[in-house]
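Engineer: build me a structure from this.
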Amino acid sequence: MTGPGYTGRVHVGGPTDVRVLDGAEIRKVAVGPTDNAAYLLTCRRTGAQLLVDAPADPDRLLALVREGSPSARLDVVVVTHRHHDHVGALTSVVAVTGAHVAAGVDDADAIAAATDHPVTTRLRHGDTVAVGDLVLEVVALRGHTPGSVALALTEPADAAAPGAVPGRVHLFTGDSLFPGGVGATGGDPVRFAALLGDVTARVFDRFRDDTGVYPGHGDDTTLGAERPQLAAWAARGW
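Structural biologist: Residues are numbered from 1 along each chain as shown. Now for the predicted structure:
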């Protein structure tokens, strides 16, 4: 993946990785004991901001928000799924910023119970989330958890910034898709089949090879790098 200064690789305690697009900036940091990735999307025209997951270390996440907006504006936190390592800082971040919370409909109650904070927007496959001029599409990827969601941000057709690619998608996948495979499904063949089926039909069959994959842990990848492995993933069953 290309972009000014962007590597897609971060480690806890390391600097923010920043990618600049025509209409958006994407910031990535790693926090917490399991090296969780959090992503801040900033609309370059309006200053509106969206945080993908609030895993841990609220002070670091709030500093990230301020990097994108000196006024510490945060409009929404989208939680990709219910697991504790993706919501540990949610209550603190929301208390400071006033952001509202969005999550997949089938994980929303569990997230609200774990954080003692309501999920104000319950997301379904095909919904959109707007932040300033940016519009992200919700892609439900069932299996890691019932309500896991990914977010797809598409570069505009007239994108002209250095490194921009018109129509390229940036896909924030939580723990549903990583370099080298889909997310864990607890050894359950039904859950695995559901997740691999969704990832195949809703991601690989739809988006181009230059689609960037921004996972919930570790390095970024592209669909083109992962596509040749789909048959091997299916055969190994996890």
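Engineer: mind showing which ranges of this structure have poor pLDDT?
Structural biologist: Low-confidence segments of the chain, defined by pLDDT under 70: 1-5.
Engineer: which residue is nearest the middle of it?
Structural biologist: Central residue of the chain (C-alpha atoms, centre = their mean): residue 172, 3.0 Å from the mean position.
Engineer: what strand or helix carries that one?
Structural biologist: Using DSSP states H and E, residue 172 maps to strand 169-174.
Engineer: and that strand, which strands flank it?
Structural biologist: The sheet places strand 169-174 alongside strand 149-154 (antiparallel), strand 212-215 (parallel), with pairing taken from DSSP bridges.
Engineer: coming back round to it: ok, the residue nearest to the centre of the chain touching residue 214?
Structural biologist: Yes: using C-beta atoms under 8 Å, residue 172 is in contact with residue 214, at 4.7 Å. Yep, even glycine has a C-beta here, placed from its N, CA and C like the rest.
Engineer: what touches both of those two?
Structural biologist: By C-beta atoms under 8 Å, 6 or more residues apart in numbering, residue 172 and residue 214 have these common neighbours: 39, 52.
Engineer: just to revisit the earlier point, and the strands paired with strand 169-174: which comes nearest residue 120?
Structural biologist: Shortest distance between residue 120 and these, using C-beta to C-beta, is found for strand 149-154: 15.1 Å.
Engineer: off-centre distance for that closest one?
Structural biologist: 7 Å (C-alpha atoms, centre = their mean, to the nearest Å).
Engineer: hmm, who's touching it?
Structural biologist: 24, 41, 52, 78, 80-81, 103-104, 123, 125, 129, 134, 136-141, 167-174, 176-177, 203, 207.
Engineer: next step: the residues you listed restricted to helices.
Structural biologist: Judged by DSSP state H, the contacts of strand 149-154 include no members of helices.
Engineer: quick one: which of these sit in strands?
Structural biologist: 24, 41, 52, 78, 103-104, 123, 129, 134, 136-140, 169-174, 177 (DSSP state E).
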